[in-house]
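Participant: What shape does this take:
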Amino acid sequence: MKSSGLSSAVVSKTLTLTMVTATDGGSTNWVCTSNAMQKYIPKMCAGI
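Facilitator: Coordinates of the predicted model:
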């Protein structure tokens, strides 16, 4: 990963995608968690 020339708003921040099995036992979903400000994370993670 790039370590210089980054916004201080994203330096040392994390974004984790975790695969979880749905309650029906057959499908899966992805759960996104991040400690970055919401405006810097992908739209698919909006609302976390």
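
Participant: ok, Thr18 to Asn29 distance?
Facilitator: Separation of Thr18 from Asn29 (CB to CB, to the nearest Å): 9 Å. Yep, even glycine has a C-beta here, placed from its N, CA and C like the rest.

Participant: typo on my end, Met19
Facilitator: From Met19 to Asn29 the distance is 8 Å (CB to CB).

Participant: How about Lys39?
Facilitator: Computed as CB to CB, the Lys39 to Asn29 distance reads 24 Å.

Participant: What is the burial count for Tyr40?
Facilitator: 13 (other CB atoms under 10 Å).

Participant: Which stretches in this structure count as helices?
Facilitator: For the chain, applying DSSP state H gives no helices.

Participant: who's sitting farthest from the centroid in it?
Facilitator: For the chain, the residue at maximal distance from the C-alpha centroid (CA atoms, centre = their mean) is Asp24, at 24.3 Å.

Participant: By mean pLDDT, point me to the weakest helix or strand of this protein.
Facilitator: Every helix and strand of the chain was ranked by mean pLDDT, DSSP states H and E. The lowest is strand 28-34, at a mean of 88.

Participant: Walk me through which strands that one pairs with, and which way each runs.
Facilitator: Note on strand 28-34: by DSSP bridges, its sheet partners are strand 15-21 (antiparallel).

Participant: Convert the C-alpha atoms of the strand it pairs with to PDB, please.
Facilitator: Coordinates of each C-alpha in strand 15-21 appear next as PDB, following Å, rounded to 0.1, in the frame of the first residue of the first chain:
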ATOM      1  CA  LEU A  15     -11.700  -1.000   6.000                       C
ATOM      2  CA  THR A  16     -12.700  -4.600   6.500                       C
ATOM      3  CA  LEU A  17     -15.100  -6.700   4.400                       C
ATOM      4  CA  THR A  18     -16.400  -9.800   6.200                       C
ATOM      5  CA  MET A  19     -18.300 -12.600   4.500                       C
ATOM      6  CA  VAL A  20     -21.300 -13.800   6.600                       C
ATOM      7  CA  THR A  21     -23.700 -16.600   6.000                       C
END
